[in-house]
Every structure is written in C-alpha cells, then in structure tokens.
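A.B. asks: Give me a model of this one.
(2 chains)
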Amino acid sequence: MTTVLEAYQREFAEALAKALNVTLADVERQLKPADPQHADFTFPTFALAKTLKEAPLAIAARVASQLEAPSFDIAAAGGYVNARIKAMPFTGHVLDAARAQGLGYGGSDSGRGKTVVIDYSSPNIAKPIAYHHIRSTAIGHALANLYRASGYQVEGINYLGDWGKQFGLVAVGFQEWGDPARKHEVSHLVEVYQKANKRADGDKKANLAPDVAFDESARAFFRRMELGDPQALAFWEEVRRVSIDDFKKVYQRLGIAFEHYEGESRYQGKMESVIAQITAKPGTKESDGALIVDMPYDDNEPPVLLKKTDGSTLYATRDITAAVDRFERFHFARALYVVATDQSLHFRQVFKVLDLMGKEWAKTLTHVNFGRVHGMSTRQGNLKLLREVLDEASARALEKVNENIAEGRMQTDNPKLLAEQIGIGGIVFNDLKNPRTTDYTFRWEDILNFEGHSGPYLQYAHARTLSILTKGGGAPKQCDAALLTLPEEQALVRSVAKLPKVVADAIEHNEPSLLARHLLELAAEFSRYFTAGNQDRTKRILLDEEGPLRAARLGLTDAVRLSLANGLRWLGLATPERM
RNA sequence: GCGCUCGUAGCUCAGCUGGAUAGAGCAUCGGCCUUCGAAGCCGAGGGUCGGGGGUUCGAAUCCCUCCGAGCGCGCCA
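C.D. replies: Sure, this is the predicted structure:
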C-alpha cells in the first residue's frame, strides 16, 4: 500500500535519478523532507559534487532546469534541488485518501497475517499500582493500537507478578494485622503487605531491625504454595483475584482491554523441560552452588542464573520459559517487552540464551525500554498512586468544564464523564509525548498542566473540527480541492498527508511519541487556520454564503478531524465531541 | 572499577542514520473574544547546543578526551 506522499516522493526521486544518471538508491540516500519554508522535499548535491567533479551550485542549477517532474515546482537554492508539490492534484489525492479511509486513515495492511505479542503494564500483585506504572501501560497500549491499525493480530499480555515471597508476606501479615472483613479491599491488602515488608526487611529510617523469624515464616508460606498446599493456594488465589479485579478498574478508565491476563505462576512446573533444553544447548554448569547457563560471557558480565543454591528458579528462568511458551502459542512475527530500561541487561541475556538455544525467532524479540519517573518514592508517604493521579486530573478538568458551562461556552449532558476523558487524556499524553527513553520527574503542576501543547489541546482541536462540521451541516460528499489555496490550508493538507508515514515510523521504532508530536503539529496548524478565520472573515471555513469554497473547506476540516480522531484513539485518548 | 544512557533557552524537553538562520511547551512581558468555541491565536525577550580536541565542503548530530548526572553489574523481579 503506497501512501499519497510516498508516491510523490518517488516521482521526484526517479526524476532526479534520471537527470543525474545515478541509481534510485543513490538519490534516496540523500533525498529528505525539507524545511517547509523552502520546499516539501530537498536534495543536497554536495555528496555528488566529488564524483561528478562539478560544483554543488552548478549541479543543482543544471538538474533543476532539466528535471521532469510535472507534479512539482523545482528550484535550485544553494547546493540544493528543492521540490515543492503543486497544490493540484495533490490536495485532491490527500483529501480523497483520508476521507475514503475514514477511521482507518493512517493505518495500513502492512501487518496482515502477522502476529505481534506485546507484554505490557504487568504490575505486581499485592503491591500498589504507583503512578510510574502508567509508563508501560500507556506505551504498550498505544503500540497495541498502532499495530492493530496496521493489520497485525495483537496479543496483549498483562504479565502479572503473581508468584513469589510477597504472598507469604501478605499471608503472615494478614494473620498479624488483617481485618477479615476487609479481605476484599486491595488497599487493605497493600497496607498489610507494606507493613509486613518493613518488618521482615527492617527500616533504617524507622530504626527498625529486620525480623528474621517473621521473614522466615513468610518464606515458609511461599514454600507451601510451591508444594501445592491447598490452603495456601486458596489464599493466594483469593488475593490474586481481588487484585486483578482492582486493576481492571484502572484499565477500564484508560480504555484498555488485555487479550491475556497471566503471570509468573503460569510457569510453575514448566521450567524443568526448558532447563533441559538449555542443558542440551548451549549447556549449563554449576557455579557457587547455583545453576548457570554455560555460554561465552563478556568481561565482568554476570552469568545467567537458572537456579539458586536451594534449587528454586529465578526470573531469567521464567522469562526464557515464557518466551518459548509464547512462541508455541502464537507463532509471533515480533514480540515486545514494554519494560523499564533498568532491565536492559536482563533482556539482553535472555534474548542471547534463546538465540544460543537455536530459537530462530529470538531475533524478533524486542525490549521496548523506557525511562524512569523520578521523585516519587523513598520518603515515606511519598508514593503517588496512579489512581490518585487520575482522580486529581479528572477533578481538575471538571473545574474547567463547570467553568465553561457557567460561562455558556459549552453544554454537555455528562460533565463528569467529559472531565474524566479530558483529565485522563492529559495524563496519558503527558507520558507519551516524549521519546520513551527520556526520564522525567513527577511534579503535580507539570503532570496536571493541561494548557499549551497537551492532551486536552489535541482533544480541543478535535472538538472544534466537529463543532464546525456540525454547524456546516456535516461533511460534504464531494468537494473541489483545487479551491484550497490558502497557505494555512496547504500546510494542513501536508500534515494530513504525513499521518500514514508517521504511523509506520512509530511502529518501526516502537515509539508512540512520533505520533504524539505529529498530532501536535497538525492540531497547531488547525488552530492557526481556525483563528485566522476570526481575524479575517474571508478565511473562515463557514463562509457566510454557501458554495464550492465552503464545501472544500469543510472537506479539509473533515480530513483533519479524521486524522486527529484516529491519532488520539491510537494513543489511547478519548475524543470528546465537545469540551 | 566495568557496562549502558544522558548533559541543548530560567524550567521541562524536541531536534542526533551530518546538511540551508538551533525549535516547542511552561514561566515572564505585550497584543487578539458584539464569540465559525480564548483549554485558542499572534508577537517580544531569552541559547559559546557541558569543556576541549579531531574527522568533513558542512558537526547539536560522528570520533577521542575531560567534567558532571542517572541506571545496571549471580542466587529480588
């Protein structure tokens, strides 16, 4: 599926190759999008100057005069050959593509017949969902949407930390401080867990020494779980169910539905056969009483531990087993692990082991890493819960909504729902707008700032497109794109045209921020266009008199609306009709 | 100590497979609502792109080095 923009770029590239008598590949290596004030595409000739033994300026001038590319206005500037796309038929092609594909515009069929497994969110049971869980959750969700929009079968897995000593801590903690009547309240379980954890590990700040006996009883409880003790497992199952039900409340607010809820417990009893495979190839050996993978290690690289001295397994063992299991189930073309950068070494090693095991699909595994959220832990009571942040965002948006209602600027049947959509949009977008690997610091005032280029800014632009379309009697079936000659209109057409390429890039790099940034550009251009109409009535979309120009502008507005709506949805933001 | 990542405007960050005067948002200051919705738009000030060296026609971008920060480095996940 070739996009409109790609087709135009190709025309320019082929004309250049012909005029210069070089290969298409040579041209495409240098050809790039230009600064909009100069052109749409530009070709720097400097690299060719040597081989052609001709000055860049001379090459550019010569080529510009010879080029046969009827869709473009060509000009030489400095050593560059600049190509600006002629408004027609380009504008018509872009509007037709966007409006014909509608809610699919921007997507493609590039993933048809392929499956992608995405491991994301993956909280630990019996621990609180802190704000920073938004990272894996939002990034993974956006990627799942983008892959789906590109034709992939998506298997989203919420890989819960549902097995381990923490259940022993909850259990013995519950015996100590638990209120049986509050057994179904996650907040109570978390409270108990945190207290128990502190008692077992000690707490320097509270001057509390580790309680070894307490810790041992927690370990004993977990051992009972591993041995299949029905009572212990019943308690575990109960806690697990209560936790998942609670998680789902947050996921529902974020509009997320996982294909699979599973966890580390799935691999109990399944690891021995994988360890046997590793032992066969590439090999295992004993080291200080533990079982490690026998493979070449870099200097100072720690070994991959499969079993502790006491014979129990580790998370590398589980992740290797899980990868094998996932491939057997899904035969994926790609598998993504949306997990923080902290664990880069772990995944490098896991992937390496799988590769050495002879799994040819190991090269399709990708650690989609992301940066940390600073400033939200350590000091007691300083942990920001995700739910608190969502609540706060929703409340803040509600103030603004009520204000707008009071001033008669908007009406809505459901202010609370609208505020929820806007508030959560702000939070999610804030997390997606920068490249994944960037760290950021938690600050209420930043995270809840919905002014400027934020999620609500995009939602607002989208709502305005709808408002105009509604007032204008809906999008026209047909329109004459040749009438869209204003610079503001041509800028918008180009932004709309870029969307499919942006989505493809976002998938290629597993980077939702590419889409986030493009939507800001598109929304900003629309806002400018809109405001221009307030200052100059001839630039209005809804011109006083009906006619072909008004229809054309409504058609463009419709294409913008579709682009914004699709992009917002894929990023995981709601698209309220009014705000 | 070893490895990975990063140092760009007062703050938070884009730009980094080298290309035309380094861009946004926030904050500050100044304009634009008898409304196609001001959660918006326009403008101003503000940067030796951490320091130094190198490669190149050209470096925020690549290489080296120094300074500074974060993360990781066998029986937690």
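A.B. asks: for chain A, where's the lowest mean pLDDT among helices and strands?
C.D. replies: In chain A, no helix or strand scores lower on mean pLDDT, DSSP states H and E than helix A:46-52, which sits at a mean of 84.
A.B. asks: How about that one, which residues are buried there?
C.D. replies: When neighbours are counted by 16 or more other C-beta atoms under 10 Å, the buried residues of helix A:46-52 are found to be A:L48, A:A49, A:L52. For glycine as for every other residue, the C-beta is placed from the backbone atoms N, C-alpha and C.
A.B. asks: and the residue of chain A found nearest RNA strand B, what does it touch?
C.D. replies: Residue of chain A nearest RNA strand B, by C-beta to the nearest atom of the strand: A:G533 (1.5 Å). The neighbours of A:G533, taking C-beta atoms under 8 Å, 6 or more residues apart in numbering as the test, are A:K539, A:R540, A:I541.
A.B. asks: where does the closest residue to A:A77 other than its chain neighbours land on pLDDT?
C.D. replies: Of all residues not flanking A:A77 in the chain, A:H38 sits nearest, at 6.6 Å (C-beta to C-beta, 6 or more residues apart in numbering). Model confidence at A:H38, given as pLDDT, is 87.
A.B. asks: So A:L160, which state does it fall into?
C.D. replies: Counting by DSSP: H, G, I helix; E, B strand; the rest coil, the backbone at A:L160 sits in strand.
A.B. asks: measure it to A:E360 for me?
C.D. replies: 29 Å (C-beta to C-beta, to the nearest Å).
A.B. asks: Tell me which of those two has more neighbours.
C.D. replies: Remark: of A:L160 and A:E360, A:L160 carries more neighbours, 21 against 9, as counted by other C-beta atoms under 10 Å.
A.B. asks: quick one, what contacts the more buried one?
C.D. replies: The neighbours of A:L160, taking C-beta under 8 Å, 6+ apart as the test, are A:S122, A:P123, A:N124, A:I125, A:R240, A:S243, A:I244, A:Y261, A:E262, A:G263, A:E264.
A.B. asks: could I get the residues you listed as JSON lines with neighbour count, secondary structure and distance to RNA strand B?
C.D. replies: What follows is the contacts of A:L160, written out as JSON lines (neighbours: other C-beta atoms under 10 Å; DSSP: H, G, I helix; E, B strand; the rest coil; distance: C-beta to the nearest atom of the strand, whole Å):
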{"residue": "A:S122", "neighbour count": "21", "secondary structure": "coil", "distance to RNA strand B": "8"}
{"residue": "A:P123", "neighbour count": "23", "secondary structure": "coil", "distance to RNA strand B": "10"}
{"residue": "A:N124", "neighbour count": "18", "secondary structure": "strand", "distance to RNA strand B": "7"}
{"residue": "A:I125", "neighbour count": "27", "secondary structure": "coil", "distance to RNA strand B": "11"}
{"residue": "A:R240", "neighbour count": "20", "secondary structure": "helix", "distance to RNA strand B": "15"}
{"residue": "A:S243", "neighbour count": "22", "secondary structure": "helix", "distance to RNA strand B": "15"}
{"residue": "A:I244", "neighbour count": "18", "secondary structure": "helix", "distance to RNA strand B": "17"}
{"residue": "A:Y261", "neighbour count": "17", "secondary structure": "strand", "distance to RNA strand B": "16"}
{"residue": "A:E262", "neighbour count": "18", "secondary structure": "strand", "distance to RNA strand B": "13"}
{"residue": "A:G263", "neighbour count": "22", "secondary structure": "strand", "distance to RNA strand B": "9"}
{"residue": "A:E264", "neighbour count": "21", "secondary structure": "helix", "distance to RNA strand B": "6"}
